[in-house]
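K.L.:
Starting from these lines, generate the structure:
(one chain, ligands or ions: 2)
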Amino acid sequence: MNAKNKPLQLLGGITTKAFLAEYWHKKPLLIKNAIPNFTGLLSPEELAGLACEDEVQSRIVEEINGVWHARHGPFDDEDFAALPDQPNPNHRWTLLVQSVNHYLPEASALLQQFDFIPHARLDDLMVSYAPDGGGVGPHFDSYDVFLLQGQGKRLWRISEQTDLSLVEGAPLRILKHFNTAEEWLLEAGDMLYLPPHLAHWGIAVTDGKTDCMTYSIGFRAPKQQELASEFLGFMQDKINQETTAYAGVYQDPDLTLQAHPAEISDDMVNKVSAMLSAIQWSSQDVATFLGTYLSEPKADVVFEANKQMKLATFREKIAKTGLCLDLKSQMLFFSNHFFINGEWADFYGTSAERLKTLANHRSLDATSIEDDKLLQQLYDWYIVGYINIR
Ligand code: SIN
Ligand code: CO
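P.N.:
Ligands and ions are numbered 1, 2, ... in the order given. Predicted coordinates for the structure are as follows:
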């Protein structure tokens, strides 16, 4: 059966085709037992450990006597020791860690289960931990999200309200009013899909036992303004490279005497308009912009270079064990253009097929590489740490 027509337990027994047509970007979907026996991928202590690392993006959000506070990591043992260890209705808190898929292979594998949505739309896996009552408050997000429950339970409330006004002066986006339309108690392995802009409120429920951990599979949706300004930056670089296309100089052999020397004449405006109309772009330029922009690592991402190795040894190793993308790498393609972490290269034929497999599955089985250009490219990506030997 075609994958798009196969019912998926992950989607509550509907097909990816039906999910995309009826729910994606449109309405919420509650999925009981989306991942059977799922209790999470890491312990609260391991999550706190990640939040103590310099390169990891983390936040602690607290609600103290009804006032919201938010702090960014890295944190240390003292920060955690200062938080209440017993449920306290006057001091609730949660820890949130972004991009856990950059650090945990299991988290990256979990994201791969959602590859019925293009990788270019995927953002990251955020993991939250909260003792009883903790959460980030009633809010809405501008992007789609799957909220998968790990250990413990979370009460999710959703609202159909159109009033999206926010509490002024709060360090995070908290809705002023929240009218619950529906609520569900999610247990380990249950999942809630929410489209963008739908008001929601997740409250950790621990019954004095297991604290709550929620896994947010988040998507990115670039703002039009961001795309416009980034694209203009891309075009600026292109213009600087294409010196011959833009080599002319302003010319005015037809200049006539102006009444006001300080005035910019219509004639000058028209001439410059004609020069600027030479700036053009094709859908190929847009694709190259998108591939480089969407595969660009976030500012805090640092790749660890791999150990130097002879090219011949590298070839032998991948023929034996294959390759995989580094957990932090983003690889996309458009036609024969392959983008990885903001860089790109063109490949054709069987070399292109291999790179498509690597991009789609984040790994490539043991294979002997005959194309020297591809071998050199893979080797270069290996040395800088974009890919690893399996
Ligand atoms: C959480 O896991 O607490 C927050 C998820 C969200 O509401 O977006
Ligand atoms: Co949210």
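K.L.:
Alongside ligand 1, which residues does this structure contribute?
P.N.:
Thr94, Ser128, Gly135, Val136, Asp141, Val145, Leu147, His200, Gly202, Thr214, Ser216 (CB under 6 Å from any ligand atom). Every C-beta, even on glycine, is put in place using the N, C-alpha and C of the backbone.
K.L.:
Dump those residues into a markdown table; add pLDDT, neighbour count and secondary structure as well.
P.N.:
Shown next, in a markdown table, are the residues of the chain next to ligand 1 (pLDDT from 0 to 100; neighbours: other CB atoms under 10 Å; DSSP: H, G, I helix; E, B strand; the rest coil):
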| residue | pLDDT | neighbour count | secondary structure |
| --- | --- | --- | --- |
| Thr94 | 98 | 24 | strand |
| Ser128 | 98 | 24 | strand |
| Gly135 | 97 | 22 | coil |
| Val136 | 98 | 20 | coil |
| Asp141 | 95 | 18 | coil |
| Val145 | 98 | 19 | strand |
| Leu147 | 98 | 23 | strand |
| His200 | 98 | 20 | strand |
| Gly202 | 98 | 26 | strand |
| Thr214 | 98 | 27 | strand |
| Ser216 | 98 | 20 | strand |
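K.L.:
May I see the domains of this protein written out as residue ranges?
P.N.:
Using automatic domain parsing, the domain parsing of the chain gives 3-219, 311-389.
K.L.:
Just the terminal-to-terminal distance for the shortest one.
P.N.:
End-to-end distance of domain 311-389: 13 Å, with CA to CA, to the nearest Å as the criterion.
K.L.:
how far is that domain from where the chain is centred?
P.N.:
Distance of domain 311-389 from its chain centroid, counting by CA atoms, centre = their mean, to the nearest Å, is 21 Å.
K.L.:
could you give me the average pLDDT of it?
P.N.:
Mean pLDDT, domain 311-389: 97.
K.L.:
Apart from its chain neighbours, what residue comes closest to the residue of the stretch 201-350 of the chain found nearest ligand 1?
P.N.:
Closest approach between the stretch 201-350 of the chain and ligand 1, counting by CB to the nearest ligand atom: Thr214, at 3.8 Å. Excluding the flanking residues, the one nearest Thr214 by CB to CB, 6 or more residues apart in numbering is Ser128, at 4.9 Å.
K.L.:
Wait, that neighbour touches Thr94, no?
P.N.:
Yes - applying CB atoms under 8 Å, one finds Ser128 in contact with Thr94, separated by 5.5 Å.
K.L.:
which neighbours do the two share?
P.N.:
By CB atoms under 8 Å, 6 or more residues apart in numbering, Ser128 and Thr94 have these common neighbours: Val136.
K.L.:
and Glu62, backbone torsions?
P.N.:
Main-chain dihedrals, Glu62, degrees, to the nearest 10: phi -120, psi 150.
K.L.:
repeat for Asp123
P.N.:
According to degrees, to the nearest 10, Asp123 has phi -100, psi -80.
K.L.:
likewise Ile217?
P.N.:
Per degrees, to the nearest 10, the backbone of Ile217 is at phi -90, psi 100.
K.L.:
circling back: quickly list what the residue of the stretch 201-350 of the chain closest to ligand 1 is bridged to.
P.N.:
Ser128, Gln149 (DSSP bridges).
K.L.:
Show the contacting residues for the residue of the stretch 51-200 of the chain found nearest ligand 1.
P.N.:
Relative to ligand 1, the nearest point of the stretch 51-200 of the chain is Ser128 (3.3 Å; CB to the nearest ligand atom). By CB under 8 Å, 6+ apart, the residues touching Ser128 are Thr94, Leu95, Leu96, Val97, Val136, Cys212, Met213, Thr214, Ser216.
K.L.:
Turn the domains of the chain into CSV, columns for distance to Ser295.
P.N.:
Converted to CSV, the domains of the chain look like this (distance: least, CB to CB, whole Å):
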stretch, distance to Ser295
domain 3-219, 8
domain 311-389, 4
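K.L.:
who's in contact with the one helix or strand Asn270 maps to?
P.N.:
Taking DSSP states H and E as the criterion, Asn270 maps to helix 266-276. Helix 266-276 is contacted from outside by Gly248, Tyr250, Gln251, Asp252, Asp254, using CB under 8 Å, 6+ apart.
K.L.:
and the next element down the chain from that helix?
P.N.:
helix 283-295.
K.L.:
Low-confidence ranges, the chain, go.
P.N.:
Applying pLDDT under 70 to the chain picks out residues 1-2.
K.L.:
With that, I have no additional questions.
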